[in-house]
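okay, structure incoming, though there's no sequence with it:
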């Protein structure tokens, strides 16, 4: 792993550390989790596009009306 340094308000850091302690974890771990989510955000669209490509052969045979699409 690579170390990085951030600057933040000291009071905010203290509050975040206290919250992490209450959650039985560390601020460092919470930050790594956040960083992973932030870095991978938007990848869901790529996954969706890949599924749609795989299903491109599907043809329902007709265009459905709004009423047909909303039938339960």
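That came in fine, so what should we check first? Small disclaimer: the values here were computed from a predicted structure and weren't measured.

could you point out which element follows the worst-scoring helix or strand of the chain on mean pLDDT?
Sorting the helices and strands of the chain by mean pLDDT, DSSP states H and E puts helix 43-54 at the bottom, at a mean of 80. Once helix 43-54 ends, the next helix or strand along the chain (criterion: DSSP states H and E) is helix 66-70.

buried sites along that following helix?
Within helix 66-70, no residue is scored as buried using 16 or more other Cβ atoms under 10 Å. Yep, even glycine has a C-beta here, placed from its N, CA and C like the rest.

ok now it, how far from the chain's centre?
32 Å (Cα atoms, centre = their mean, to the nearest Å).

that one - contacts with which helices or strands?
Taking 3 or more Cβ pairs under 8 Å, 6 or more residues apart in numbering; DSSP states H and E as the contact definition, helix 66-70 has no neighbouring helices or strands.

what mean pLDDT would you report for that helix?
Confidence for helix 66-70, expressed as mean pLDDT, is 90.

now stretch 14-32
96.

hang on, residue 29 packs against residue 20?
Yes. Using Cβ atoms under 8 Å, residue 29 makes contact with residue 20 at a distance of 7.4 Å.

these two: which has the busier surroundings?
Legend: neighbour count by other Cβ atoms under 10 Å for residue 29 and residue 20, higher for residue 20 (16 against 11).
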